[in-house]
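Q: missing the sequence, but the structure's below:
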């Protein structure tokens, strides 16, 4: 589906994304549903774009008989922030876990809690993928880190959320974080 993703998905969705952005930016006030719509359109656009380029890289590598790992597994179907990162940009998430989180969490003399290490890892990840400045990528990483910490504590306390609501909360959360 990479050709379909790129030609019919991203390109046409990009026009829709620009339309929604212009429509919403023409007003000084946006209602909560309008903000959510903007965030949702943005995250879907980003997903289609990155996924299409990843598919092209995987396809190109296959022509050279090189097998690259799958990088996306329906991330917009995730039911938690942890589930999202197991599905979204998988190679990057694994890299951050292996080379930032695990070494920091294994340091005995480090005076930072696991929650602090989670936040630090996510902020570092945000800075890594950031493009134009330091503030927004750091905020993006911090938002995801806060989501991980909340998820971790909810899981520890055995909080049960019905799957539909868990999906909706996750989609809303990552969509809002995506604007940074």
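A: Sure, I can see it. Computed from a predicted model, the values in this text were never measured in an experiment.
Q: Which single helix of this protein contains the most residues?
A: Longest helix of the chain, by residue count under DSSP state H: helix 32-63.
Q: Who are the packing partners of it?
A: Judged by 3 or more C-beta pairs under 8 Å, 6 or more residues apart in numbering; DSSP states H and E, helix 32-63 is in contact with helix 2-3, helix 11-25, helix 163-177. Bear in mind the C-beta positions are built from the backbone N, C-alpha and C, glycine included.
Q: Quickly, which of those helices bottoms out on average pLDDT?
A: Note on these: lowest mean pLDDT is at helix 2-3, with a mean of 51.
Q: for this protein, which spans come out with low pLDDT?
A: Scanning the chain for pLDDT under 70 picks out 1-29, 131-132.
Q: Please repeat the previous calculation with a cut-off of 80.
A: Low-confidence segments of the chain (pLDDT under 80): 1-32, 34-36, 38, 42, 130-134, 178-180.
Q: Residue most distant from the centroid, it?
A: residue 109 (31.3 Å; C-alpha atoms, centre = their mean).
Q: Under a three-state scheme, what state does that residue occupy?
A: With DSSP: H, G, I helix; E, B strand; the rest coil as the basis, residue 109 sits in coil.
Q: ok, it to residue 118 distance?
A: 19 Å (C-beta to C-beta, to the nearest Å).
Q: who are the neighbours in contact with residue 122?
A: Shown in contact with residue 122 (C-beta atoms under 8 Å, 6 or more residues apart in numbering): 96, 141, 142, 144, 145, 148.
Q: Let's see which of the residues you listed end up in helices.
A: Of the positions in these, 96, 141, 142, 144, 145, 148 sit in helices, assigned by DSSP H.
Q: tell me which element the closest residue to the second one other than its chain neighbours falls in.
A: For residue 141, ignoring the flanking residues on the chain, the nearest one in space by C-beta to C-beta, 6 or more residues apart in numbering is residue 126 at 2.4 Å. Using DSSP states H and E, residue 126 sits within helix 114-129.
Q: Spatially nearest residue to residue 125 (excluding sequence neighbours)?
A: Nearest one to residue 125, counting by C-beta to C-beta, 6+ apart, is residue 96 at 4.7 Å.
Q: ignore the last one, residue 170
A: Once flanking residues are discounted, residue 170 sits nearest to residue 78: 5.1 Å by C-beta to C-beta, 6+ apart.
Q: show me the contacts for that neighbour.
A: Residue 78 is in contact with 84, 86, 87, 88, 167, 170, 171, 174, counting by C-beta under 8 Å, 6+ apart.
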